[in-house]
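**Q** fold the following for me, if possible:
(one chain, ligands or ions: 1)
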Amino acid sequence: MKRFPHRENPTTHSPDLTDLTGRQAVVTGAGSGIGRACAHRLAAAGAHVVVVDMDAEATAKVAAEVSGTPVVADLSTPDFTDALPPGTDIVVNNAGFQHVAPIEDFPPEVFAKILKVMVEAPFLLVRSVLPGMYERGWGRVVNISSIHGLRASPYKAAYVTAKHALEGLSKVIALEGAPHGVTSTCVCPGYVRTPLVEKQIDAQAETHGIGRDEVIERIMLAPAAIKRLIEPEEVAELVAYLCGPHGSFLTGVSLPVDGGWTAH
Ligand code: NAP
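**A** You can find the predicted model right below:
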């Protein structure tokens with residue numbers, strides 16, 4: 001086994017910290033929200049982006065925007081990795097969805113699907129690309145976890161369970177990948193302005209009979225010090241940093257992008 005074969009050079013100060021020219025990045029759930037922003041940011045850094053999503057129209061649109069490769073795939077199916085081109089250097093495990101219900105009413109099939117898409121699919125994807133990364137002696141796995149990978153909220157049993165599991169998977173990838181130049185990290189955002197959250201705002205506004213602004217400030221951002229939603233581009237910027245040379249010593253860690261939520 002090769003032991004720590006390469007020395008990247010993060011001490012070279014360059015205005016562009018994230019030159020990813022020649023790298024191929026797979027971004028799941030790239031048709032929308034954070035995934036789309038990551039696809040754009042990694043492409044802007046020079047990577048060739050494989051845009052993976054189950055929404056065919058969105059996949060084609062984003063792939064065209066970033067001059068990438070579209071792959072329409074449902075991550076809840078076990079053979080989705082067959083559709084991916086070879087040569088992946090970067091994986092952004094991003095696809096996910098939410099279901100809000102008390103445990104006693106939580107549909108078991110929804111619980112199982114959330115774990116499939118948000119834990120099993122990242123495992124299968126990473127499992128399929130690691131041999132190539134090991135051969136080339138370089139790789140980056142960035143897992144879009146959540147503040148809910150670090151903290152629980154009521155009524156989000158499957159999502160909180162899945163994100164905590166993803167945190168564990170990321171650490172194991174970090175330990176196994178280190179001798180081969182592969183890093184694995186979790187990015188843990190608070191509430192980001194994406195369609196996933198817009199739906200939750202609407203649902204809460206209806207449930208509580210209050211306005212959307214009040215839902216954001218009084219309910220969603222109650223534990224956060226900074227009372228605004230994060231923009232997807234802010235998350236994507238951190239992802240790009242982690243994929244670049246300056247991310248080479250960051251592995252096995254979880255980085256909250258949470259406006260001070262975990263400072264409590
Ligand atoms: P989003 O805008 O809903 O985007 C998620 C994308 O994933 C959608 O395009 C969705 O397709 C796709 N997707 C869902 N299930 C899939 C499957 N089985 N196979 C393939 N693609 C699938 O959500 P987002 O807010 O950007 O969230 C992205 C990630 O960030 C998720 O893992 C989420 O947990 C995490 N996150 C989000 C926030 C936030 O506040 N938004 C905070 C922390 C973490 P469809 O549109 O067709 O369903």
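**Q** Val35: neighbouring residues, count only.
**A** Let me fix one detail, which is that residue 35 is Gly and not Val. Gly35 has 29 neighbouring residues, counting by other Cβ atoms under 10 Å. Every residue, glycine included, has its C-beta placed from N, CA and C.
**Q** distance check, it against the ligand.
**A** Gly35 is 5 Å from the ligand, where distance means Cβ to the nearest ligand atom, to the nearest Å.
**Q** what do you get for Tyr191?
**A** Applying Cβ to the nearest ligand atom to Tyr191 and the ligand gives a distance of 4 Å.
**Q** for the stretch 151-264 of the chain, which segments count as strands?
**A** Using DSSP state E, counting those that start in this stretch, the strands found in the stretch 151-264 of the chain span residues 182-189, 254-257.
**Q** nearest to the ligand, of those?
**A** Nearest to the ligand, of all the strands of the stretch 151-264 of the chain, is strand 182-189, at 4.0 Å by Cβ to the nearest ligand atom.
**Q** partners of that closest one in the sheet?
**A** Here strand 182-189 has these sheet partners by DSSP bridges: strand 139-144 (parallel), strand 254-257 (parallel).
**Q** and it, how far out from the chain's middle?
**A** With Cα atoms, centre = their mean, to the nearest Å as the basis, strand 182-189 stands 8 Å off its chain's centre.
**Q** show me which parts of it are buried, residue by residue.
**A** Buried residues in strand 182-189, counted by 16 or more other Cβ atoms under 10 Å: Val182, Thr183, Ser184, Thr185, Cys186, Val187, Cys188, Pro189.
**Q** give the contact list for His63.
**A** Let me fix one detail, which is that residue 63 is Ala and not His. Contacts for Ala63 were tallied using Cβ atoms under 8 Å, 6 or more residues apart in numbering; they are Val49, Val51, Thr69, Pro70.
**Q** for His48, same thing?
**A** Arg23, Gln24, Ala25, Gly68, Thr69.
**Q** so of those, which ones are in strands?
**A** Of the positions in those, Gln24, Ala25, Thr69 sit in strands, assigned by DSSP state E.
**Q** would CSV of those residues with distance to the ligand, pLDDT and neighbour count be doable?
**A** What follows is the ones in strands among the contacts of His48, written out as CSV (distance: Cβ to the nearest ligand atom, whole Å; pLDDT from 0 to 100; neighbours: other Cβ atoms under 10 Å):
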residue, distance to the ligand, pLDDT, neighbour count
Gln24, 19, 98, 21
Ala25, 16, 98, 29
Thr69, 15, 98, 16
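**Q** what's the neighbour count on the residue lying closest to Gly29 once chain neighbours are set aside?
**A** Excluding its sequence neighbours, the residue lying closest to Gly29 (Cβ to Cβ, 6 or more residues apart in numbering) is Ala95, at 3.0 Å. Using other Cβ under 10 Å, Ala95 is surrounded by 26 other residues.
**Q** looking at this, Ala95 is in a strand?
**A** No: counting by DSSP: H, G, I helix; E, B strand; the rest coil, Ala95 is not part of a strand but coil.
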